[in-house]
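> Compute the structure for the input listed below.
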Amino acid sequence: VQLVESGGGLVQSGGSLRLSCAASGFTISSYDMSWHRQAPGKARELVAIVRSTGGITNYADSMKGRVSISRDNAKNTVYLQMNSLKPVDTAVYYCKAVRVRAIVDETYWGQGTQVTVSS
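All right, here's what the predicted structure looks like:
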């Protein structure tokens, strides 16, 4: 079981990035998928989530209007489109999968991808 994030990098303030999270060893259609981030010295925080059922999405207030999460169950991949990036968005971005209606906890994290926004 693996989640592999990609698409991070260095971008100027106001720029855009599209992060990808490719899953293997399980099928994301049965999982709520989310992106989280952790800046140096700060706690990890939720950025966006897309539910398994109905594709319902929710976003952190700090990024609402600038970010969009989507899932492609056929490709077993989740995406995070980030626009109008700011230096405060600099962090390691992590993908997370949580199985819905699980009998036992099935939660997976990726290794993270660094996003650095320069001013």
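
> From now on I want contacts and neighbour counts done on CA atoms only, so please keep to that.
OK.

> Find the residue at the geometric middle of this protein.
Per CA atoms, centre = their mean, the C-alpha nearest to the average position across the chain is that of residue 35, at 2.3 Å.

> Quick check: closest non-adjacent residue to residue 82.
Spatial nearest neighbour of residue 82, excluding adjacent residues (CA to CA, 6 or more residues apart in numbering): residue 67 at 4.5 Å.

> State the pLDDT value of that neighbour.
Looking at residue 67, its pLDDT is 98.

> coming back round to it: give me the sheet partners of the helix or strand where the residue nearest to the centre of the chain lies and which way each runs.
Following DSSP states H and E, the helix or strand that holds residue 35 is strand 31-38. Using DSSP bridges, strand 31-38 pairs in its sheet with strand 45-50 (antiparallel), strand 91-99 (antiparallel).

> Quick check: which of these is buried the most?
Counting by mean count of other CA atoms under 10 Å, strand 91-99 has the highest mean neighbour count of the strands paired with strand 31-38, with a mean of 23.

> which residues does residue 48 contact?
34, 35, 36, 57, 58, 59, 60, 68, 69 (CA atoms under 8 Å, 6 or more residues apart in numbering).

> beta partners of residue 45?
Under the criterion used (DSSP bridges), residue 45 bridges to residue 37.

> re earlier: what's the distance between the strand holding residue 35 and the middle of its chain?
Between the centre of strand 31-38 and the centre of its chain there are 5 Å (CA atoms, centre = their mean, to the nearest Å).

> Ok, stretch 90-108 next?
The answer for stretch 90-108 is 10 Å, by CA atoms, centre = their mean.

> related to what we said a few turns ago, isn't the residue nearest to the centre of the chain right next to residue 46, touching?
Yes. Counting by CA atoms under 8 Å, residue 35 touches residue 46, with 6.3 Å between them.

> on that earlier part again, residue contacts, the residue nearest to the centre of the chain?
By CA under 8 Å, 6+ apart, the neighbours of residue 35 are 46, 47, 48, 49, 80, 93, 94, 95, 96.

> No further queries at this time; thank you.
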